[in-house]
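**Q** Quick one, fold the following:
(4 chains)
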2 protein chains.
Amino acid sequence: MPTSPRAPLSRERILSAALSVADRDGLPALSMRRLGAALGVEAMSLYGHVRDKGDLLDGLVDHVVGMWADPLPDESDWRVVARTTMARAHEVLLARPWACELVAARPTVGRNRLRYAEALQRRMLDAGFSPQLAHHGLHLVDGTIMGFTLQELRRPTLQQLGEEVAAVARGERADEFPAITAVLADSAHDHAAEFALMTELILDGLERLHARETAERRTTDAPS
Amino acid sequence: MPTSPRAPLSRERILSAALSVADRDGLPALSMRRLGAALGVEAMSLYGHVRDKGDLLDGLVDHVVGMWADPLPDESDWRVVARTTMARAHEVLLARPWACELVAARPTVGRNRLRYAEALQRRMLDAGFSPQLAHHGLHLVDGTIMGFTLQELRRPTLQQLGEEVAAVARGERADEFPAITAVLADSAHDHAAEFALMTELILDGLERLHARETAERRTTDAPS
DNA sequence: GGTGTATACTTACAGCGTAAGGGTGCCGTG
DNA sequence: CACGGCACCCTTACGCTGTAAGTATACACC
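**A** Alright, predicted model coming up:
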């Protein structure tokens, strides 16, 4: 067999291997050498297809964004698009804790991010949003995805760090932190339900802003 | 002068030096060796006061949290506490881009975080929130702080990365991304105003959930 | 067959976190 | 005053990181 025994490298193959490594061993374990080893290749060979490690990470970010933004919902109602996108993004990010950290560290705007922003903002403009409000809407949806997912990821590490905090979480410091203790004691916290509730809160809020905006426009445009 | 020419190390001094280094040179530059050098000391000397680099970073996170959570507003209205805390947190995090990244990477719950959570949740419980809703409220406020600040930090790096994206941002791809182009063309984006608007949206939403909750409780408790 | 080009490998360097062990000066006690 | 103990800090070393520079191999085409 004259051909090389291994398939040739490519950006695609590198990115998907990087995704596997990060999924399996976490983000700190994603070094160029380990990634190369996972592909049966030396570290330096990767640099033919990837400018930097930063470039690789940026590619990874957009790849992950594509996981929830692709395929875009074929739906004209901005609420439906926002809702399904938020749910999918939440699911994808929860399954890949390293992705949140990565997006925070490398807030890249890639092709998938562009396509998703375009789709959501177009729906909002079509629904009569002002460009300003469409801008706010995108930020609100995106911010909620990241902010809330980070909240949930914060929780599992709670017990692993800090005896003082763990005592509070076990309800042993009710004197000093009564409210926290009461809240923790009461609620069997359902993350998925909370995220859904907050999604609706966000969408309601946006819709109210939109309604207020159109009301103002009407009184301004036709006051006579 | 028989005493050592340098003041003895302490966790406090180390943390505040780490803060300066991160502020000046960024988070990647915060290595144990550089931090030691900033204190006139070798890297290994730090390990007498800090278990780990992770321990140091956790301390840094809570230190930053303290910057906006301390002193807690002396105010009984949860809305006021939430609003001022969000504004202060936003300001602090925008001035320290590395802090967002750090919180995402090390979602630690420290002493300052506990005190702040306690204060806000107590106000909510006092106002008649159910423990569930107070829990949601804290998550909503925290999530919005992080999510929105991350959004804003994403922007400055937009032009530095990716010629394709930069072209879109300059409005040269109106054919493929009409909505984005329209939105960018129209809005002179005011981040502070957007954050304030979204803060009110959040608070309104929470208040509506609270009102709905009390209405339901009334019909349940006294239906006769 | 010879040459060009793409691809992957090798070597090397500076920097990282930190484990292990070696000094050095203050401090309380005899 | 002398001395043991003990904080504190420094030195050295190891395996890891990203990546710059240079080298070898294997295929495509004239």
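
**Q** Number of residues surrounding the residue in chain A positioned nearest to chain B?
**A** Using Cβ to the nearest Cβ, the single residue of chain A nearest to chain B is residue A:147, 2.6 Å away. Every residue, glycine included, has its C-beta placed from N, CA and C. By other Cβ atoms under 10 Å in any protein chain shown, 23 other residues sit near residue A:147.

**Q** Next up, the contacts around the closest residue to it other than its chain neighbours.
**A** Excluding the flanking residues, the one nearest residue A:147 by Cβ to Cβ, 6 or more residues apart in numbering or on different chains is residue B:147, at 2.6 Å. When contacts are counted by Cβ atoms under 8 Å, 6 or more residues apart in numbering or on different chains, residue B:147 touches A:142, A:143, A:144, A:145, A:146, A:147, A:148, A:150.

**Q** What about DNA strand C: which of the residues you listed touch it?
**A** The subset of those within reach of DNA strand C, by Cβ under 7 Å from any atom of the strand, is empty.

**Q** returning to what we had before: right, and the helix or strand after the helix or strand harbouring the residue nearest to residue A:147?
**A** In this structure, residue B:147 sits in helix B:131-154 according to DSSP states H and E. Next helix or strand after helix B:131-154 toward the C-terminus (DSSP H and E): helix B:163-169.

**Q** So which elements touch that next one?
**A** helix A:111-126, helix B:178-186 (3 or more Cβ pairs under 8 Å, 6 or more residues apart in numbering or on different chains; DSSP states H and E).

**Q** Stretch A:22-30 and chain B, any residue contact?
**A** No: with Cβ under 8 Å from any Cβ of the partner chain as the criterion, chain B is not reached by stretch A:22-30; the gap is at least 8.7 Å.

**Q** Restricting to C-alpha, output that stretch in PDB.
**A** Backbone C-alpha positions of stretch A:22-30 (Å, rounded to 0.1, in the frame of the first residue of the first chain) are rendered in PDB as follows:
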ATOM      1  CA  ALA A  22     -12.000  18.200  25.600                       C
ATOM      2  CA  ASP A  23     -15.100  16.200  26.200                       C
ATOM      3  CA  ARG A  24     -13.200  13.200  27.600                       C
ATOM      4  CA  ASP A  25     -10.400  14.900  29.600                       C
ATOM      5  CA  GLY A  26     -11.400  18.500  30.000                       C
ATOM      6  CA  LEU A  27     -10.000  21.700  28.600                       C
ATOM      7  CA  PRO A  28      -6.700  21.800  30.500                       C
ATOM      8  CA  ALA A  29      -5.900  18.400  29.000                       C
ATOM      9  CA  LEU A  30      -6.300  19.800  25.500                       C
END
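
**Q** can you list the weak-confidence ranges in chain A?
**A** Filtered on pLDDT under 70, chain A yields the residue ranges A:1-7, A:156-162, A:187, A:221-224.

**Q** need the residues of it near DNA strand C, please.
**A** Going by Cβ under 7 Å from any atom of the strand, the residues of chain A near DNA strand C are A:8, A:9, A:36, A:40, A:41, A:42, A:43, A:44, A:45, A:48, A:49.

**Q** Could you turn the buried ones of these into a PyMOL selection?
**A** Restricted to buried positions by 16 or more other Cβ atoms under 10 Å in any protein chain shown, the PyMOL selection for those reads:
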select buried, chain A and resi 9+36+41+49
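
**Q** what about the helix or strand where residue A:15 lies and DNA strand D, touching?
**A** Using DSSP H and E, residue A:15 maps to helix A:11-25. No: under the criterion of Cβ under 7 Å from any atom of the strand, DNA strand D is not reached by helix A:11-25; the shortest gap measures 10.0 Å.

**Q** So which elements touch that helix?
**A** If contacts are counted by 3+ Cβ pairs under 8 Å, 6+ apart, helix A:11-25 sits against helix A:32-38, helix A:53-69.

**Q** Pick the most buried one from those helices.
**A** helix A:53-69 (a mean of 20; mean count of other Cβ atoms under 10 Å in any protein chain shown).

**Q** before we move on, the earlier item: any idea which of the helices and strands packed on helix B:163-169 is most buried?
**A** Highest mean neighbour count of these: helix A:111-126, a mean of 21 (counted as mean count of other Cβ under 10 Å).

**Q** list the contacts for residue A:32?
**A** By Cβ under 8 Å, 6+ apart, the contact list for residue A:32 reads A:43, A:44, A:46, A:53.

**Q** repeat that with 6 Å
**A** By Cβ atoms under 6 Å, 6 or more residues apart in numbering or on different chains, the residues touching residue A:32 are A:43, A:46.

**Q** ok, so what distance separates it from residue B:26?
**A** Going from residue A:32 to residue B:26 by Cβ to Cβ, to the nearest Å gives 21 Å.

**Q** do the same with residue A:133
**A** Counting by Cβ to Cβ, the gap from residue A:133 to residue B:26 is 35 Å.

**Q** Repeat that for residue A:144.
**A** Residue A:144 is 28 Å from residue B:26, where distance means Cβ to Cβ.

**Q** Compare these two (neighbour count), which wins?
**A** residue A:144 (27 against 12).

**Q** ok, that one - contacts?
**A** Contact analysis of residue A:144 by Cβ under 6 Å, 6+ apart lists A:202, B:147.

**Q** Ok, residue A:90 next?
**A** By Cβ under 6 Å, 6+ apart, the residues touching residue A:90 are A:149, A:195.

**Q** If we use 7 Å, what do you get?
**A** Listed by Cβ atoms under 7 Å, 6 or more residues apart in numbering or on different chains, the contact partners of residue A:90 are A:145, A:149, A:195.

**Q** Could you say which helix or strand holds it?
**A** helix A:78-95.

**Q** Go ahead and measure how far that helix is from the middle of the chain.
**A** 9 Å (Cα atoms, centre = their mean, to the nearest Å).

**Q** which helix is the longest one in chain A?
**A** helix A:191-221 (DSSP state H).

**Q** Specify the angle between it and helix A:111-126 in degrees.
**A** Going by axes from the mean of the first three to the mean of the last three Cα atoms, to 10 degrees, helix A:191-221 is angled at 50 degrees with respect to helix A:111-126.

**Q** Going by contacts, tell me the helices and strands next to helix A:191-221.
**A** Judged by 3 or more Cβ pairs under 7 Å, 6 or more residues apart in numbering or on different chains; DSSP states H and E, the packing partners of helix A:191-221 are helix A:78-95, helix A:131-154, helix B:131-154, helix B:191-221.

**Q** The first one to helix A:11-25, inter-axis angle?
**A** Translated: helix A:78-95. Computed by the same axes, to 10 degrees, the angle separating helix A:78-95 from helix A:11-25 equals 60 degrees.
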